[in-house]
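>>> no sequence on this one, just coordinates:
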């Protein structure tokens with residue numbers, strides 16, 4: 001009787017051991033499968049990332065081709081490029097077609113905010129606040145904002161009283177709300193040095209900011225630009241550009257890069273471009 005009970009206990013222990021072993025093996029199999037999926041995902045993401053990087057390099061080459069007539073045009077049009085089984089879509093925007101936070105006139109800034117949907121009063125106020133941010137001194141301009149106005153708003157900081165160091169710094173300007181910022185951000189720059197955007201390269205919002213042009217004039221310029229014999233001539237680009245490259249693999253894996261670069265020309269011993277800003281993904 002005792003021997004039979006001992007055999008039953010031994011059998012129960014063996015069954016429990018087999019169950020535990022099966023659970024452990026199942027866990028290891030699930031872990032291995034998860035790690036395999038992660039490895040494949042990371043590999044695909046890496047391929048897509050470097051395909052997007054290749055797109056940026058292809059854009060730089062396209063902007064500096066020896067044949068001026070075949071150079072890529074930096075007015076926001078799309079170029080397609082295939083690299084390592086990835087389809088890459090590239091757009092290039094010349095920074096001289098944007099509104100320069102450090103150089104734009106008050107009329108251009110006001111026009112930009114009005115074109116973005118701000119009321120006349122808010123557009124003038126934001127324009128003055130931007131000019132006060134970049135202007136030395138403590139006295140606010142009419143409708144503008146210096147340190148006392150920022151203190152009264154309780155934001156805990158004041159204007160730089162000097163040039164904007166980044167485009168994103170404009171988010172801190174008194175009165176700049178999230179909706180307005182989202183609308184105007186793609187049209188802003190700190191790298192053109194121009195009082196008004198270059199109409200040959202400017203996008204719709206920046207065009208509409210040019211005094212006397214407005215939406216109707218901007219639409220007319222864009223319509224002409226879209227024609228085969230439009231007014232944009234290849235090779236007429238500036239030197240500073242924002243390039244966006246989006247790569248998509250056959251399995252749908254996607255990666256995007258946005259880089260602002262300054263061309264230096266192709267000369268022996270000279271780096272042909274300098275990177276001013278580099279962002280991965282779609283975040284502004």
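Everything's here; your move. Source: prediction; values computed, not measured.
>>> where in the stretch 1-150 of the chain is pLDDT low?
1-11, 28, 30, 32-33, 35-37 (pLDDT under 70).
>>> Which residue ranges of it form helices?
Ranges of helices in the stretch 1-150 of the chain, per DSSP state H, counting those that start in this stretch, are 2-63, 106-115, 120-134, 147-153.
>>> Dump these into a markdown table; add distance to residue 272 as well.
Using the backbone N, CA and C atoms, a C-beta is placed for each residue, glycine as well. A markdown table is the format used below for the helices of the stretch 1-150 of the chain (distance: least, Cβ to Cβ, whole Å):
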| stretch | distance to residue 272 |
| --- | --- |
| helix 2-63 | 7 |
| helix 106-115 | 32 |
| helix 120-134 | 31 |
| helix 147-153 | 42 |
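>>> what would those look like in TSV with distance to residue 257 and mean neighbour count?
Putting the helices of the stretch 1-150 of the chain into TSV (distance: least, Cβ to Cβ, whole Å; neighbours: other Cβ atoms under 10 Å) gives the following:
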stretch	distance to residue 257	mean neighbour count
helix 2-63	4	13
helix 106-115	26	22
helix 120-134	29	21
helix 147-153	35	14
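>>> just so I know, which of these lies nearest residue 87?
Checking the helices of the stretch 1-150 of the chain against residue 87 by Cβ to Cβ gives helix 2-63 as the closest, at 8.6 Å.
>>> and that closest one, what does it pack onto?
The helices and strands touching helix 2-63, judged by 3 or more Cβ pairs under 8 Å, 6 or more residues apart in numbering; DSSP states H and E, are strand 75-83, strand 86-94, strand 240-249, strand 254-263.
>>> Now do the second one: everything it contacts.
Going back to what we said before, that points to strand 86-94. Contact with strand 86-94 is made by 47-48, 51-52, 54-56, 58-59, 62-63, 72-82, 198, 201, 203, 237-238, 240-249, as judged by Cβ atoms under 8 Å, 6 or more residues apart in numbering.
>>> give me every residue that touches residue 115.
Residue 115 touches 205, 208, 209, 214, 215, counting by Cβ under 8 Å, 6+ apart.
>>> Just to check, the first one is in contact with residue 116?
Yes - under the criterion of Cβ atoms under 8 Å, residue 205 is in contact with residue 116, at a separation of 6.4 Å.
>>> anything in contact with each of those two?
183, 184.
>>> Give me the spatial nearest neighbour of residue 281, chain neighbours excluded.
residue 256 (6.3 Å; Cβ to Cβ, 6 or more residues apart in numbering).
>>> How many neighbouring residues does that neighbour have?
A count of nearby residues for residue 256, using other Cβ atoms under 10 Å, gives 19.
>>> Enumerate every residue touching it.
Per Cβ under 8 Å, 6+ apart, neighbours of residue 256: 52, 244, 245, 246, 247, 280, 281, 282.
>>> hmm, back to that, looking at the helices of the stretch 1-150 of the chain, which is closest to residue 264?
Of the helices of the stretch 1-150 of the chain, nearest to residue 264 by Cβ to Cβ is helix 2-63, at 10.5 Å.
>>> Distance of the residue nearest to residue 281 relative to residue 245?
Taking Cβ to Cβ, to the nearest Å as the measure, residue 256 falls 7 Å from residue 245.
>>> same thing with residue 215?
From residue 215 to residue 245 the distance is 30 Å (Cβ to Cβ).
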